[in-house]
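1. Turn this into a model:
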Amino acid sequence: MNTLDVKNWWLLGPFPNEKNNSLNVIYEPEKKVEFSESYKGINNEELKWKQGEPNILGYVDLLSKYSPNEMVISYAYTTINCDDEGTVLLLFGSDDGAAIWVNGKEYFRINIGRGAKEYDDIIPVQVKKGKNEILVKIAQGGGHWGFYLQIMDKEGIIKQ
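-> Okay, the predicted model is just below:
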């Protein structure tokens, strides 16, 4: 049985989002996710991964998790398990811009100011049999901040 449900996230932030253009800046979590490490964030604050979970619709609220929460970047990491290799669809929406990697391969990047909607972006990604890693980078200008992520399997069943 596939366990594509995304119930738990690891969250890390905030990092600087200078001139609202830091979606293209490569911070350490993009090189390697290491839960035992600490990272230098905004104002040289020491950052550690912490757990978070989505609401019933798959929305992860970042605004309530971080301060400062304007002109910043955060990361979210989770894993899914697949019975077979193949393609699944990520049903995604972000407030504001975002980038997504699955098993280290970048599948999505958008640098935009927008409110998060559940199915703004439908992203086909390749998964392997077994454990698959998903890393999401979310840019924040101002206002609300968060993202939706649900997964549609090959039977068309949405997991959240």
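2. is it true that residue 29 lies in a helix?
-> Yes. Residue 29 forms part of a helix when assessed by DSSP: H, G, I helix; E, B strand; the rest coil.
3. so where does the closest residue to it other than its chain neighbours fall, helix or strand?
-> The shortest distance from residue 29 to any non-neighbouring residue, by CB to CB, 6 or more residues apart in numbering, is to residue 75 (4.6 Å). For the C-beta atoms, the positions are set from N, CA and C on the backbone; glycine is no exception. Assigned by DSSP states H and E, residue 75 belongs to strand 72-82.
4. and the angle for the helix or strand just after that strand with strand 72-82?
-> With elements assigned by DSSP H and E, the helix or strand that comes after strand 72-82 is strand 86-95. Taking axes from the mean of the first three to the mean of the last three CA atoms, to 10 degrees, strand 86-95 and strand 72-82 form an angle of 160 degrees between their directions.
5. next one: phi and psi at the residue nearest to residue 50 when sequence neighbours are not counted?
-> For residue 50, the nearest residue in space outside its immediate sequence neighbours is residue 11; the separation is 5.5 Å by CB to CB, 6+ apart. Backbone torsions for residue 11, taken as degrees, to the nearest 10, come to phi -120, psi 140.
6. and residue 11, what are its bridge partners?
-> When assigned by DSSP bridges, residue 11 has beta-bridge partners residue 50, residue 76.
7. can you offset everything so residue one is 177?
-> Fine by me, first position is 177 from now on; the one you just mentioned is residue 187.
8. Which residue ranges of this structure form strands?
-> If DSSP state E is used as the criterion, the strands of the chain fall at 185-192, 215-216, 222-223, 226-228, 235-237, 248-258, 262-271, 274-278, 281-286, 297-303, 306-316, 322-328, 334-335.
9. Tell me which of these approaches residue 205 most closely.
-> When the strands of the chain are ranked by proximity to residue 205, the top entry is strand 248-258, at 4.6 Å, counting by CB to CB.
10. Now that closest one: buried residues?
-> Across strand 248-258, burial judged by 16 or more other CB atoms under 10 Å covers 248, 249, 250, 251, 252, 253, 254, 256, 258.
11. burial count for residue 241?
-> By the other CB atoms under 10 Å criterion, the neighbourhood of residue 241 contains 16 residues.
12. and what of residue 291?
-> The number of residues packed around residue 291, counting by other CB under 10 Å, is 12.
13. So for it, what's the nearest residue that isn't a sequence neighbour?
-> Per CB to CB, 6+ apart, closest to residue 291 is residue 271, 5.2 Å.
14. Also residue 260?
-> residue 305 (5.6 Å).
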